[in-house]
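Student: coords below, sequence missing:
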């Protein structure tokens with residue numbers, strides 16, 4: 001009984017906060033409603049026994065992504081009147097994308113109601129006594145090891161590309177000489193002086 005009440009509570013809050021994320025005029029309020037949606041989605045994941053995904057939602061999405069969105073929205077000087085002025089121009093394209101997404105959702109619900117998908121060879125479900133994280137890690141690092149490493153390489157290339165694209169050579173900046181720093185002796189790092197009265201220090 002308590003699980004049913006918790007499910008309807010979390011589901012209602014997810015739908016309501018998701019709708020308010022879209023409908024809020026203030027972008028800061030939209031990000032806050034999005035954080036609330038993530039928290040309630042994590043509660044739904046706990047109800048179905050997917051504690052790893054629940055902690056992932058809280059730690060990664062709430063703790064990093066949503067907070068990053070919040071800081072970016074609060075720090076950028078965005079002219080929201082100009083953004084709202086272009087709403088009518090992009091309205092047909094937005095309606096087209098919404099119709100495509102609606103068709104996909106209807107197709108997915110119909111496929112789900114038609115019956116489950118048969119598991120492939122060697123994809124037997126894990127025993128009930130095996131924890132969720134252990135089953136996910138075993139599958140990820142055995143059957144999908146190359147796919148997992150490939151996704152890591154893609155992220156590495158994307159990170160290097162972002163650094164290269166945003167790096168700018170600046171003049172008048174002293175570069176770091178690691179070899180010179182490693183060769184420096186402790187007695188070269190400090191200098192003992194005995195200045196006279198009223199003489200002060202020379203830098």
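Tutor: Nice, thanks for sending it over. Note that this is a predicted model, so its numbers are computed, not measured.
Student: drop to CA atoms for contacts and neighbour counts, all remaining ones
Tutor: OK.
Student: Local confidence estimate at the most centrally placed residue in the chain?
Tutor: Centroid check for the chain by CA atoms, centre = their mean gives residue 65 as the closest residue, at 3.8 Å. Looking at residue 65, its pLDDT stands at 78.
Student: what about it, is that helix, strand or coil?
Tutor: helix (DSSP: H, G, I helix; E, B strand; the rest coil).
Student: Tell me where this structure has helices.
Tutor: For the chain, applying DSSP state H gives helices covering 2-23, 27-47, 51-56, 67-75, 80-85, 91-114, 132-140, 145-166, 178-183, 186-189.
Student: Throw the ones you listed into TSV and include distance to residue 195 and mean neighbour count, thanks.
Tutor: Below are the helices of the chain laid out as TSV (distance: least, CA to CA, whole Å; neighbours: other CA atoms under 10 Å):
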stretch	distance to residue 195	mean neighbour count
helix 2-23	65	15
helix 27-47	57	20
helix 51-56	60	17
helix 67-75	48	14
helix 80-85	60	10
helix 91-114	74	11
helix 132-140	65	13
helix 145-166	47	11
helix 178-183	28	8
helix 186-189	19	8
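Student: which one of those helices has the lowest average pLDDT?
Tutor: Among the helices of the chain, helix 80-85 has the lowest mean pLDDT, at a mean of 65.
Student: thinking again about what came up before, output the helices of the chain as a markdown table; include the columns distance to residue 198.
Tutor: Formatted as a markdown table, these follow (distance: least, CA to CA, whole Å):
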| stretch | distance to residue 198 |
| --- | --- |
| helix 2-23 | 65 |
| helix 27-47 | 56 |
| helix 51-56 | 62 |
| helix 67-75 | 47 |
| helix 80-85 | 59 |
| helix 91-114 | 74 |
| helix 132-140 | 69 |
| helix 145-166 | 49 |
| helix 178-183 | 34 |
| helix 186-189 | 25 |
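Student: Could you double-check that residue 34 lies in contact with residue 17?
Tutor: Yes. With contacts counted by CA atoms under 8 Å, residue 34 reaches residue 17, the gap being 6.6 Å.
Student: Need the overlap of contacts for the two.
Tutor: Residues touching both residue 34 and residue 17 by CA atoms under 8 Å, 6 or more residues apart in numbering: none at all.
Student: Tell me how the protein divides into domains.
Tutor: The record's domain parsing of the chain by automatic domain parsing lists 1-78, 130-170.
Student: JSON lines for those, including distance to residue 96?
Tutor: Below are these laid out as JSON lines (distance: least, CA to CA, whole Å):
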{"stretch": "domain 1-78", "distance to residue 96": "17"}
{"stretch": "domain 130-170", "distance to residue 96": "30"}
